[in-house]
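Student: Mind folding the following:
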Amino acid sequence: GLEGIKRLQEKNQLLEDIAGQLNTVPAMVTQKLARLDAQQKALEGFNQSLTDRFVYGPVPRPSKTVEGTWGLSGTVVTLHLHEIADLSLPPTADKPLVNLYMTALRRRAEHVAKLDLAAVHLVVMGDSVICMGNGHVNAGEVFPVWTSNIKLVWG
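Tutor: Down below sits the predicted model:
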């Protein structure tokens, strides 16, 4: 009688406790994933703001300027070398970090090129180089000349 009722109530309570745990664990996982997603979005926003500071920061004078004719047009073109000496890709960088650095370098090169549309710009960061052409010369025409005659740029 009473013992059977107590045992059934205990089993019922145990089953309710287990059911409660089963119901809350997925909810907690969902909450944790939502928190992690919010943290990731915050980090991406912070990363974007840091990249924007790098991209749109003050542009110092080119470290080297050379004039010459490149390409088929025969037009005299000014070539500016912009060296980013204080930032380079770590040798142990994984693919996402490489992508981050290269995206920042490309955006910086585009920004520098917009400031002086008449010139061709070589933007160098460590071992990475991005060449931005202009209306007379495209980057593909300048880059082989630069790589085959580094003294032309480096002095």
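Student: Okay, and residue 80 sits in which element?
Tutor: strand 76-83 (DSSP states H and E).
Student: In its sheet, which strands sit next to that strand, and in what direction?
Tutor: When pairing is defined by DSSP bridges, strand 76-83 lines up against strand 64-69 (antiparallel), strand 120-125 (parallel).
Student: And the helix or strand following that strand, what's buried?
Tutor: Downstream of strand 76-83, the next assigned helix or strand under DSSP H and E is helix 95-115. Across helix 95-115, burial judged by 16 or more other CB atoms under 10 Å covers 101, 104, 105, 107, 108, 109, 111, 112, 113. Every C-beta, even on glycine, is put in place using the N, C-alpha and C of the backbone.
Student: Out of the residues you listed, which is nearest to residue 128?
Tutor: Nearest to residue 128 among those is residue 105, at 5.8 Å by CB to CB.
Student: And for the nearest residue to the closest one once chain neighbours are set aside, the neighbour number?
Tutor: Spatial nearest neighbour of residue 105, excluding adjacent residues (CB to CB, 6 or more residues apart in numbering): residue 125 at 5.1 Å. Neighbourhood size, residue 125 [other CB atoms under 10 Å]: 22.
Student: next one: the one 5 residues further on
Tutor: Neighbouring residues of residue 130 were enumerated by other CB under 10 Å; the total is 21.
Student: what is the orientation angle of the one helix or strand it maps to with helix 95-115?
Tutor: Assigned by DSSP H and E, residue 130 belongs to strand 128-132. Angle, strand 128-132 to helix 95-115, by axes from the mean of the first three to the mean of the last three CA atoms, to 10 degrees: 30 degrees.
Student: Quick one: distance of the longest helix seen in the chain to the chain centre.
Tutor: Assignment by DSSP state H gives helix 2-56 as the longest helix of the chain. Computed by CA atoms, centre = their mean, to the nearest Å, the chain-centroid distance of helix 2-56 equals 31 Å.
Student: Quickly list the domain ranges of the chain.
Tutor: Following automatic domain parsing, one finds the domains of the chain at 1-57, 60-154.
Student: Check these for me: which has the lowest mean pLDDT.
Tutor: When the domains of the chain are ranked by mean pLDDT, domain 60-154 comes last with a mean of 75.
Student: Count the neighbours of the nearest residue to residue 78 once chain neighbours are set aside for me.
Tutor: Ranked by CB to CB, 6+ apart and with sequence neighbours excluded, the top spatial neighbour of residue 78 is residue 119, at 4.3 Å. When neighbours are defined as other CB under 10 Å, residue 119 has 19 of them.
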